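Undergrad: Return a 3D structure for these sequence lines:
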Amino acid sequence: MLAITKMPNFGFGNKLLYYFNLRQESHQLNRNFHCCEFEGLELFQGPMRGIDLSEEFSELKLCLGEKFFIKNPLNTREVFKIKDQVKSQTKNCAIHFRGTDFHQWNPQSILSTKYYLASIEEVENDVDVLTLFTDDQDLESFKKTCDFLKWKGKEFRLGENTNNRNQFEKDFLEMCNSEVIISSPSTFCICAGMIGKEKQIIHSSAWINSRVEKNDTFWVKLSEGGNQNYKLWKTF
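TA: Numbers count the residues shown, from 1 in each chain. As a prediction, this is how the structure comes out:
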């Protein structure tokens, strides 16, 4: 058996990536799996925790995006089946901004206003609803994007987590159910892109290029085409 018996103190997106690695590796090794409980796992249907620890097990070594793009992967939308899938008659675009700890982690991960405005102009006539999601309302790109949309007379709304950090699950599900994501380097947003509806995913070319230069496996593989679970539609 392969197991995660204690989930690290990650954000929700990193927890989902670590969990998906558990499912992929146990599947490829033809072994049972077990995962401890963690907040947000209840969003999905099926035996998400696997079986009880009633047999000898090995703890899955910590791994995130570096193991995502492998040969013959499981289908993320089959692993993460949303319990209460919402059907919408509108075409929705989720726009994600990440600030807070990203300023210290990697300043390049704070994406430019130019990226967001170019992405919006690409899709604005083909979507019905624009929803902005952020953990940092002081972020310059977020404020300038709001100003831009107001100037253009474009209606938009804010995800509930923007004003209430306890609403991350609702924001996550909204992004999962969007048809377009203007994404960020946040795994919270990236995981929403691989769960729920099939999506047109946009990323920052400057960010991807910076990670390719660092030989970051996830971004290198994504730049080469990704896979059926997660692939680029356009970059700006």
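Undergrad: low-confidence ranges in this structure?
TA: Applying pLDDT under 70 to the chain picks out residues 100-105, 162-166.
Undergrad: what are the ranges of the helices in it?
TA: Per DSSP state H, the chain carries helices over the ranges 12-29, 76-79, 102-105, 113-123, 140-152, 168-176, 187-193, 205-213, 217-223.
Undergrad: Can you add distance to residue 88 and mean neighbour count and give those helices back as CSV?
TA: Every residue, glycine included, has its C-beta placed from N, CA and C. Below are these laid out as CSV (distance: least, Cβ to Cβ, whole Å; neighbours: other Cβ atoms under 10 Å):
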stretch, distance to residue 88, mean neighbour count
helix 12-29, 22, 20
helix 76-79, 17, 17
helix 102-105, 30, 13
helix 113-123, 16, 18
helix 140-152, 20, 16
helix 168-176, 10, 21
helix 187-193, 15, 24
helix 205-213, 29, 16
helix 217-223, 27, 18
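Undergrad: Go through the ones you listed and name the closest to residue 45.
TA: When those are compared by Cβ to Cβ, helix 76-79 sits nearest residue 45, at 10.8 Å.
Undergrad: re earlier: relative to residue 159, tell me which of the helices of the chain wins on proximity.
TA: Nearest to residue 159, of all those, is helix 168-176, at 4.1 Å by Cβ to Cβ.
Undergrad: what's the angle from that closest one to helix 12-29?
TA: Counting by axes from the mean of the first three to the mean of the last three Cα atoms, to 10 degrees, helix 168-176 lies at 70 degrees to helix 12-29.
Undergrad: CA atoms only: put helix 168-176 into CSV for me.
TA: Output in CSV follows, covering the C-alpha atoms of helix 168-176 (Å, rounded to 0.1, in the frame of the first residue of the first chain):
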residue,chain,number,x,y,z
PHE,A,168,-12.0,29.2,-0.7
GLU,A,169,-14.0,26.1,-1.5
LYS,A,170,-16.7,28.1,-3.2
ASP,A,171,-14.2,30.0,-5.3
PHE,A,172,-12.4,26.8,-6.2
LEU,A,173,-15.7,25.2,-7.5
GLU,A,174,-16.6,28.3,-9.4
MET,A,175,-13.2,28.1,-11.2
CYS,A,176,-13.7,24.4,-11.8
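Undergrad: Can you give the contact residues for it?
TA: Under the contact criterion Cβ atoms under 8 Å, 6 or more residues apart in numbering, helix 168-176 has outside partners 12, 40, 43, 82, 84, 86, 92, 94, 96, 131, 133, 159-162, 181, 188-189, 191-193, 195-197.
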